[in-house]
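**Student:** Turn this into a structure:
(chains A and B)
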Number of protein chains: 2
Amino acid sequence: MISSRKNPSFRRLRDAIRHHEDEIVLEGPKAIHDAVARGWTPLMVAVDRSGLTLPGKVQTVHLDPSLFAELTDTATSQGMVGLFRRFETPLEEMVRSAGVLVVLDGVQDPGNVGTILRLAAAFDASGVILTEGSADPFGPKAIRASAGTVLHVATCRASRRELLAALQRHNIELWAATTDGQPATLPADRIAITFGSEGKGIDPQLLEGARLVSIPMSNRVESLNVAAAAAVLLSRSYDRRRGTFSAEGPKKEKRNAG
Amino acid sequence: MISSRKNPSFRRLRDAIRHHEDEIVLEGPKAIHDAVARGWTPLMVAVDRSGLTLPGKVQTVHLDPSLFAELTDTATSQGMVGLFRRFETPLEEMVRSAGVLVVLDGVQDPGNVGTILRLAAAFDASGVILTEGSADPFGPKAIRASAGTVLHVATCRASRRELLAALQRHNIELWAATTDGQPATLPADRIAITFGSEGKGIDPQLLEGARLVSIPMSNRVESLNVAAAAAVLLSRSYDRRRGTFSAEGPKKEKRNAG
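**Tutor:** You can find the predicted model right below:
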């Protein structure tokens, strides 16, 4: 059992949690098992007690509980953290094959970024593109809010300029979720839906060429939280692609036919 | 200017922030102005510098900036906090006149509770009922996540037993948002939609007599965040009441006619 702060495994984990540059940390047996089941190989798994095991031949290091507690919140990690290599999908690749893309334009709150990653997975978006000023989708708060989906959703960072050029090259229609637009039926395919930060909204550079879509709501509030807006529009887009709701009411959906 | 920790105004504000029993604290000029504009009278408003004023004849106390900083996060409060009386709508009253009610069954995370209050306001729900184990909608985190809407949405706490009896008395149909249900078109009116905690789901006592509704989604994720699920279902219910989307596509909505 490792009980020294100078141990290289401990230091590597601690640095990954603090700086999350090339590596990311997933917390909790469930998130780690899910990632392994989907084919990700952890660089390292640390546990705070023996008895916690992983499927396959993943090597685990055993940390003294007090050291482990320095790394992570026990309630979230439940005695297990895993170190994985962070992975971004190249912009070109993501846009070329896009169905519905999500663009986060300067969304600074990592909780919102993580919640939207989870929504992108839930509603089968092709990927999430983060422009200048957005929170790191691989930061600990975003990973936590993503409920472990961060590794299953294609993400990349791109400047607004690069993004616009790529969308144009591949003929993807740019939409912007705003409070000034009209309710609109989004095309089922080959679109990018942009969400801005709560304070500043969407940058004019992206707004200019975009079609606007807004969510019908009461004027008791000025706007929705950005993750709530994404939930509404991505769910609606998913229903439309799957034909879940028709004029006659809902179809019966085979939830496990996926 | 008040600069002593023993000052009764300072202590009253501090206690309201810490314990939030009978009084609640709104942070920031915008939230306080909105509340005043809607007819709420603050019990007290504290500012950290002169020059910040409120419409009408609200009395403000001027705190030394270092004392003010002990009370609240400066970025959120922007130099102004207001003390208001907390206000719950009686259960009977809320249920009697209900259109669409939101029930939060043991939703512990105050951020989710606040976000759902904001959604209830955005999508014209009649009110939010919180059962045993749900976070206090008037706690500081919930108030912040509600973006100041906490005073504009009818809320009450009730036990599951009281709730079920009241719904039955007034013939309100109980629905439960679960991952086991089918997609369903919710009735436009006279319903209560229940959301459970992420860990435990909805209590069997409520589930038993409820009709189930689920949100169609990919099986890449097991469930949505509870606030995201509420966004999808409340938005859909609002669209249906307002007839925003028909089989032919969206109607043009007068956003300011509401």
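**Student:** Could you give the average pLDDT over the helix or strand hosting residue A:238?
**Tutor:** If you go by DSSP states H and E, residue A:238 is part of helix A:226-242. Helix A:226-242 shows a mean pLDDT of 94 in the predicted model.
**Student:** now it and helix B:226-242, what's the angle there?
**Tutor:** 60 degrees (axes from the mean of the first three to the mean of the last three CA atoms, to 10 degrees).
**Student:** Summarise which helices and strands helix A:226-242 is packed against.
**Tutor:** strand A:100-105, helix A:110-122, strand A:173-177, strand A:191-196, helix B:110-122, helix B:226-242 (3 or more CB pairs under 8 Å, 6 or more residues apart in numbering or on different chains; DSSP states H and E). Every C-beta, even on glycine, is put in place using the N, C-alpha and C of the backbone.
**Student:** Measure how far that helix is from the centre of its chain, please.
**Tutor:** Computed by CA atoms, centre = their mean, to the nearest Å, the chain-centroid distance of helix A:226-242 equals 15 Å.
**Student:** before we move on, what about stretch A:225-236?
**Tutor:** With CA atoms, centre = their mean as the basis, stretch A:225-236 stands 14 Å off its chain's centre.
**Student:** Any regions of the stretch 1-150 of chain A where pLDDT drops low?
**Tutor:** Where the stretch 1-150 of chain A drops to pLDDT under 70, the residues are A:20, A:50-51, A:55-57.
**Student:** what ranges do the strands span in it?
**Tutor:** Counting by DSSP state E, counting those that start in this stretch, the stretch 1-150 of chain A has strands at residues A:23-27, A:44-47, A:60-62, A:80-85, A:100-105, A:127-130.
**Student:** can you redo the helices and strands packed on helix A:226-242 as TSV with mean neighbour count?
**Tutor:** Below are those laid out as TSV (neighbours: other CB atoms under 10 Å in any protein chain shown):
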stretch	mean neighbour count
strand A:100-105	26
helix A:110-122	26
strand A:173-177	22
strand A:191-196	24
helix B:110-122	26
helix B:226-242	24
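**Student:** Residue A:168: neighbour count?
**Tutor:** 12 (other CB atoms under 10 Å in any protein chain shown).
**Student:** buried ones in the strand or helix carrying it?
**Tutor:** Assessed by DSSP H and E, residue A:168 sits inside helix A:160-169. Residues A:160, A:162, A:163, A:164, A:166, A:167 are the ones in helix A:160-169 that count as buried (16 or more other CB atoms under 10 Å in any protein chain shown).
**Student:** ok, residue A:191 touching residue A:176?
**Tutor:** No. Residue A:191 lies out of contact with residue A:176 (CB atoms under 8 Å); the separation is 11.0 Å.
**Student:** Please name the spatially closest residue to residue A:205 (chain neighbours excluded).
**Tutor:** Once flanking residues are discounted, residue A:205 sits nearest to residue A:160: 4.8 Å by CB to CB, 6 or more residues apart in numbering or on different chains.
**Student:** And the one you found, how close does it get to chain B?
**Tutor:** In this view, residue A:160 and chain B are 26 Å apart by CB to the nearest CB, to the nearest Å.
**Student:** And the helices in the stretch 1-150 of chain A?
**Tutor:** Ranges of helices in the stretch 1-150 of chain A, per DSSP state H, counting those that start in this stretch, are A:8-19, A:29-37, A:65-71, A:74-77, A:91-96, A:110-122, A:140-145.
**Student:** what distance separates the shortest one from the centre of its chain?
**Tutor:** Right, helix A:74-77. 20 Å.
**Student:** likewise stretch A:136-143?
**Tutor:** On CA atoms, centre = their mean, the centre of stretch A:136-143 falls 8 Å from the chain's centre.
**Student:** Could you do stretch A:206-220 as well?
**Tutor:** Distance, centroid of stretch A:206-220 to centroid of chain: 22 Å (CA atoms, centre = their mean).
**Student:** Can you report how many residues neighbour the closest residue to residue A:190 other than its chain neighbours?
**Tutor:** Distance criterion CB to CB, 6+ apart; nearest residue to residue A:190, sequence neighbours excluded, is residue A:172 at 5.4 Å. The tally of other residues near residue A:172 (other CB under 10 Å) stands at 21.
**Student:** ok, back up a step: for residue B:115, which of the helices of the stretch 1-150 of chain A is the nearest?
**Tutor:** Taking CB to CB, helix A:110-122 is the member of the helices of the stretch 1-150 of chain A nearest to residue B:115, at 9.6 Å.
**Student:** about what we covered before: any idea which of the helices and strands packed on helix A:226-242 gets closest to residue B:128?
**Tutor:** helix B:110-122 (5.1 Å).
**Student:** From the contact counts, what lies against that closest one?
**Tutor:** Judged by 3+ CB pairs under 8 Å, 6+ apart, helix B:110-122 is in contact with helix A:226-242, strand B:100-105, strand B:127-130, helix B:140-145, helix B:226-242.
**Student:** That one versus strand B:100-105: what angle between them?
**Tutor:** Using the same axes, to 10 degrees, helix B:110-122 lies at 170 degrees relative to strand B:100-105.
**Student:** quick check: angle from helix B:110-122 to strand B:191-196?
**Tutor:** Interaxial angle, helix B:110-122 versus strand B:191-196 (the same axes, to 10 degrees): 160 degrees.
**Student:** Can I get helix B:110-122 in PDB? Just the C-alpha atoms.
**Tutor:** Only the C-alpha atoms of helix B:110-122 are listed here, as PDB (Å, rounded to 0.1, in the frame of the first residue of the first chain):
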ATOM      1  CA  PRO B 110     -30.300  22.400  -4.400                       C
ATOM      2  CA  GLY B 111     -28.900  23.300  -7.800                       C
ATOM      3  CA  ASN B 112     -31.400  21.000  -9.400                       C
ATOM      4  CA  VAL B 113     -34.300  22.300  -7.300                       C
ATOM      5  CA  GLY B 114     -33.500  25.900  -8.200                       C
ATOM      6  CA  THR B 115     -33.100  25.100 -11.900                       C
ATOM      7  CA  ILE B 116     -36.500  23.300 -11.800                       C
ATOM      8  CA  LEU B 117     -38.100  26.400 -10.100                       C
ATOM      9  CA  ARG B 118     -36.800  28.500 -13.100                       C
ATOM     10  CA  LEU B 119     -38.200  25.900 -15.500                       C
ATOM     11  CA  ALA B 120     -41.600  25.900 -13.700                       C
ATOM     12  CA  ALA B 121     -41.700  29.700 -14.200                       C
ATOM     13  CA  ALA B 122     -40.500  29.500 -17.800                       C
END
